[in-house]
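[1] okay, sequence plus prediction incoming.
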Amino acid sequence: MASSSSPYPKKYDVFLSFYGPDTRRTFVSHLHKALIDSGIVTFIDDRELEEGDQFFDKIREAIAESRFAVVVLSENYAFSRCCMEELQMILELHERRELEVFPAFCGVDPFRFEWSADFLERRSEMVEKVPNWDEALKRISELQFGGPFGFWRGDDSALVDAITSRIYSQLKNTETASATESSVIHTLVGMERHFEAMNQLLALGSGNTDIRIIGIWGVGGVGKTTLARYVYDKISDRFQDHFFMKNVDKMHKESGSSHRLVEEFMSKTLERGSDVMTKARLGHRKILLVLDSVDETEQLKDAVKDINGFGPGSRVIVTTQDKGLLLACGVNLLYEVECLRFNEAFQVFCQSAFNPKEDGPSLHSGWLSIRAVQLSGRVPLALKMLGSYLRGRGEDEWERALDELAAN
């Protein structure tokens, strides 16, 4: 697996890029099910997008928050502006080693794709709509032929299995390298300040044997998951069993029951080689459990019933955007992740907008960077997305982009 240059934990394992009318109900539906069944957290656009749809901002956010992208190239993929804009962002992140790409041709011959009469006829129209259209298609073709599925000649079901197995294997290899990741994560901007406050709520060194549930809340993109992962990596070795459960909201929607949460925790704990556990035996284990991205009261209320049966000294951390949800479930130990301080926000933005090998922003681009930080609201995810978009562009382009952002 190509190592990521970003130390920030990602929300999704996989982003699926595809043209809905071609493959949504066929290849993509089978691939999505296989990924989900393997426990791989996958983002899939579940509605048809029109050009200019405001929802595309969420698509860009999901790409930035994914570790892998599977690009399903079908007959009409290259003639969708949304698909091509997705592809350009995916390739930009891939070049910076922040995301790994798996291309898959579906229903088209990769050797003849670019020479079809229809392709050549519609080429000039798309070049006008999406700058660097040709370059993006050339690059994804190079990745296709140089990648693990470059000369694939099996059927679709076998390709689904191959892609799923490859991603699952690389994710497991990444988990075994968590110690290396933890050595990098200490550089995250502002984390030590948050960790000190969380430490007070966790009260790990006070001899408390009570079971504590701590709620981390704040607006979207402010860094709740990042903080939860940072705390988890710092303290997990103090517990007999520990598990970081990502995207609880999606798990609940797919399974229809939050009772699956503790069952999932037990299966993962068993997979890591600890004793076989039943709910009755959980009461004798000191457990650390993180429930990330909870968005419904029912999710947490159901989970709390099992959490109360954990062993003495256990700790549970819940992340959510909804403070009221935490209070409704009796969670009174709360920590709000506020927006970054200005100097922290400026540092995060510059990490994404400038090459670390360079000296940093010039005087003029420094002022533009300050404006970008102000427009982003000092929200980490917004800072990273804006910085990534502006990276490598000229100052005139920066000014236009920031003017457009200010006008919206």
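    That came through, no problem.

[2] list the contacts for H284?
    G311 (Cβ atoms under 8 Å, 6 or more residues apart in numbering). Backbone N, C-alpha and C define where each C-beta goes, glycine included.

[3] which of the helices or strands spans the residue nearest to I307 when sequence neighbours are not counted?
    With sequence-adjacent residues excluded and distances taken as Cβ to Cβ, 6 or more residues apart in numbering, I307 is closest to V316, at 5.3 Å. Secondary structure assigned from DSSP states H and E places V316 in strand 315-320.

[4] circling back to that earlier point, any idea what the residue nearest to I307 is bridged to?
    Counting by DSSP bridges, V316 is bridged to I213, L289.

[5] what's the pLDDT at it?
    Per-residue pLDDT puts V316 at 95.

[6] go on, K253?
    61.

[7] same deal with E51?
    48.

[8] hang on, the earlier thing: relative to S365, how far out is the residue nearest to I307?
    44 Å (Cβ to Cβ, to the nearest Å).

[9] and if you look at T26?
    In terms of Cβ to Cβ, T26 sits 47 Å off from S365.

[10] if you count what's nearby, which of those two comes out ahead?
    S365 (18 against 14; other Cβ atoms under 10 Å).

[11] ok, the closest residue to that one other than its chain neighbours - how many residues close by?
    What sits nearest to S365 in space, not counting adjacent residues and going by Cβ to Cβ, 6+ apart, is E395, at 5.8 Å. For E395, the neighbour count with other Cβ under 10 Å is 14.

[12] surely E395 meets L368?
    Yes - counting by Cβ atoms under 8 Å, E395 does reach L368; the two are 6.5 Å apart.

[13] touching, the residue nearest to I307 and V294? I think so.
    No - applying Cβ under 8 Å as the test, V316 and V294 come out as separate, 10.9 Å apart.

[14] more neighbours: the two, which one.
    V294 (28 against 21).

[15] how about the contacts made by the more buried one?
    248-249, 300, 318-320, 325.

[16] packing partners of the longest helix along the chain?
    Ranked by residue count, the top helix of the chain under DSSP state H comes out as helix 156-176. Contact partners of helix 156-176 among helices and strands, from 3 or more Cβ pairs under 8 Å, 6 or more residues apart in numbering; DSSP states H and E: strand 12-17, helix 27-37, strand 66-73, strand 100-105.

[17] you'd agree I216 is in a strand?
    Yes - judged by DSSP: H, G, I helix; E, B strand; the rest coil, I216 forms part of a strand.

[18] would you mind measuring from it to K305?
    The value you get for I216 to K305, if Cβ to Cβ is used, is 21 Å.

[19] those two: who's more crowded?
    I216 (25 against 11).

[20] show me what contacts that one?
    Contacts of I216 (Cβ under 8 Å, 6+ apart): 198, 224, 227-228, 317-320, 334-335, 337.

[21] isn't F342 up against R378?
    Yes - F342 lies in contact with R378 (Cβ under 8 Å); the separation is 6.7 Å.

[22] who's more crowded, those two?
    R378 (20 against 12).

[23] quick check, the more buried one in a helix?
    No - if the criterion is three-state DSSP, then R378 is coil and not within a helix.

[24] so where's the stretch 101-250 of the chain shaky on pLDDT?
    109-131, 144-154, 173-187, 206-207 (pLDDT under 70).
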